[in-house]
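In: my questions are about this predicted structure, shown below with the sequence.
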Amino acid sequence: MRKLLVLLFVAVLACSSFAQPSQASVYPVQQGFVDNHGALIYYEAMGRGAPLVIVHGGPGASHDYFLPYLLPLMRTNRLIFIDERGSGKSSKFEDPKDYTVGNMVEDLEAVRVALGLGKISLLGHSFGGVVVEAYALKYQKNLSHLILGSTFASTTELNEALARMKAGLDPKDQQRVLALESAGLFGKGEVWEHGRYPEEYAKLAWGKAYFPYLYRNRPDPNYDPVSSNTSTAWDVYREMWGSDGEFVVDGNLKEVEYVDRLHEIKVPTLIIVGDHDESDPNMSKEMHEKIARSQLVILPNSGHMTFVDQNAQFVKTVRKFVGSGK
């Protein structure tokens, strides 16, 4: 009888142990919109710790391409992703002239104030790096850390890098690119295609020309230049990048010439870039020379999507930087 009672006791303990709730951490997601004088800016917030605001590239992309790669950072920071005006889930404007770096800076500040974030760490990738540079030049007092990922501070220099990529195409592909650009890239095909690149041009520019500079270590098996062509917010893209193709910026981003002002940035700054980046690493080296309190990290065997190619190293570098206090 005693032996039976012991067995029953052991069985109850086993069942009790099996029924214990999971010790896994739960990170709720907060979503919403901040109304900045008519611009409804979408945000997603998740994680715990000091705020790290993350600004996507494009122009005309959305925060989605950061996911799931940056999610590990939520273990040590509260991540706030935003969609820039006109992009992703944020509101559109009838007049594309509302799509400017200056207006996006004000949207970013409105999100910071509305969410009561106080001082923030701020990460911008690619075109998003331009937005956060402009933010730092105006609202530096609101920053604890600045992270410039695979970006540029001079459109003149970016155009030189783009021209080199174009020149590196196979001669036949380069001739076809030139022919398509000479014929005009918009207003072609079916009515619903008029506002975006022809499919052939998208494959040549975003495929053959760009892909070697986007990925090196971990090429995205789902990457598709045609789907990128259809997911871009083209009203934003054409206003800011321009309408003469991928290899020259001649929209309102021509105004971006910050190199001679970078010395004004005094907050701790991390500059991170891939060694085979679409944003030529030499531009990052120049930014490092101009920003006194900056660190430069060049990730090996990495293209523009550094947080994909070298995910563990990227996350570790950012986490250590924003947690260092310097």
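Out: Alright, I've got the coordinates. Computed from a predicted structure; not experimentally measured.
In: how about stretch 98-111: buried residues?
Out: 98-101, 103-108, 110-111 (16 or more other CB atoms under 10 Å). To be clear about C-beta, it is placed using only N, CA and C from the backbone, and glycine gets the same treatment.
In: in helices, which of those residues appear?
Out: Secondary structure assignment by DSSP state H places 101, 103-108, 110-111 of the buried residues of stretch 98-111 in helices.
In: what segments of this structure are strands?
Out: Here the chain has its strands, by DSSP state E, at 29-36, 39-46, 50-55, 77-82, 120-125, 143-149, 269-274, 294-299.
In: out of those, nearest to residue 61?
Out: For the strands of the chain, proximity to residue 61 was assessed by CB to CB; strand 120-125 is nearest, at 9.4 Å.
In: keeping just the C-alphas, turn the closest one into PDB.
Out: Output of strand 120-125 as PDB, limited to C-alpha atoms (Å, rounded to 0.1, in the frame of the first residue of the first chain):
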ATOM      1  CA  ILE A 120      16.600  57.600 -28.400                       C
ATOM      2  CA  SER A 121      19.100  55.500 -30.200                       C
ATOM      3  CA  LEU A 122      18.400  56.000 -33.900                       C
ATOM      4  CA  LEU A 123      19.200  53.500 -36.700                       C
ATOM      5  CA  GLY A 124      18.800  54.300 -40.400                       C
ATOM      6  CA  HIS A 125      19.600  51.900 -43.200                       C
END
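In: that one pairs with which strands?
Out: Paired strands of strand 120-125, with direction, are strand 50-55 (parallel), strand 143-149 (parallel) (DSSP bridges).
In: re earlier: just put the strands of the chain in CSV and tack on mean neighbour count and distance to residue 170.
Out: Converted to CSV, those look like this (neighbours: other CB atoms under 10 Å; distance: least, CB to CB, whole Å):
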stretch, mean neighbour count, distance to residue 170
strand 29-36, 14, 45
strand 39-46, 20, 40
strand 50-55, 24, 35
strand 77-82, 24, 37
strand 120-125, 27, 29
strand 143-149, 25, 30
strand 269-274, 26, 23
strand 294-299, 18, 27
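In: how is the chain carved up into domains?
Out: Following the assignment in automatic domain parsing, the chain carries domains at 29-154+256-324, 157-252.
In: deepest of those domains, which one?
Out: Across these, averaging neighbours per residue (mean count of other CB atoms under 10 Å) puts domain 29-154+256-324 on top, at a mean of 20.
In: now mean pLDDT and distance to residue 94 too, for the strands of the chain, in TSV please.
Out: Compiled in TSV, the strands of the chain are given as follows (pLDDT from 0 to 100; distance: least, CB to CB, whole Å):
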stretch	mean pLDDT	distance to residue 94
strand 29-36	97	17
strand 39-46	98	13
strand 50-55	98	24
strand 77-82	98	22
strand 120-125	98	27
strand 143-149	98	32
strand 269-274	98	37
strand 294-299	98	40
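In: so which of the ones you listed comes closest to residue 287?
Out: strand 269-274 (5.4 Å).
In: contacts for that closest one, please.
Out: By CB atoms under 8 Å, 6 or more residues apart in numbering, the surrounding residues in contact with strand 269-274 are 145-150, 216, 279, 281, 284, 287-288, 291, 293-299, 302-306, 309-310, 314, 317-318, 321.
In: how about the strands of the chain in CSV, adding distance to residue 185?
Out: CSV is the format used below for those (distance: least, CB to CB, whole Å):
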stretch, distance to residue 185
strand 29-36, 32
strand 39-46, 28
strand 50-55, 27
strand 77-82, 29
strand 120-125, 25
strand 143-149, 28
strand 269-274, 28
strand 294-299, 33
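In: can you say which of these is nearest to residue 253?
Out: strand 120-125 (13.9 Å).
In: between the closest one and strand 77-82, how many degrees?
Out: Interaxial angle of strand 120-125 relative to strand 77-82 (axes from the mean of the first three to the mean of the last three CA atoms, to 10 degrees): 50 degrees.
In: hmm, back to that, could you dump the strands paired with strand 120-125 to a markdown table with distance to residue 267?
Out: Listed next are the strands paired with strand 120-125 as a markdown table, based on distance: least, CB to CB, whole Å:
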| stretch | distance to residue 267 |
| --- | --- |
| strand 50-55 | 14 |
| strand 143-149 | 5 |
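In: wait, which of those strands is closest to residue 120?
Out: Closest approach to residue 120 among the strands paired with strand 120-125 is made by strand 50-55 (4.8 Å; CB to CB).
In: look up how far residue 128 lies from residue 276.
Out: Here the criterion is CB to CB, to the nearest Å. By it, residue 276 lies 20 Å from residue 128.
In: check residue 134 too.
Out: Taken as CB to CB, the span from residue 134 to residue 128 is 11 Å.
In: I'd assumed residue 60 was in contact with residue 128.
Out: No: using CB atoms under 8 Å as the test, residue 128 is too far from residue 60 to be in contact (11.6 Å).
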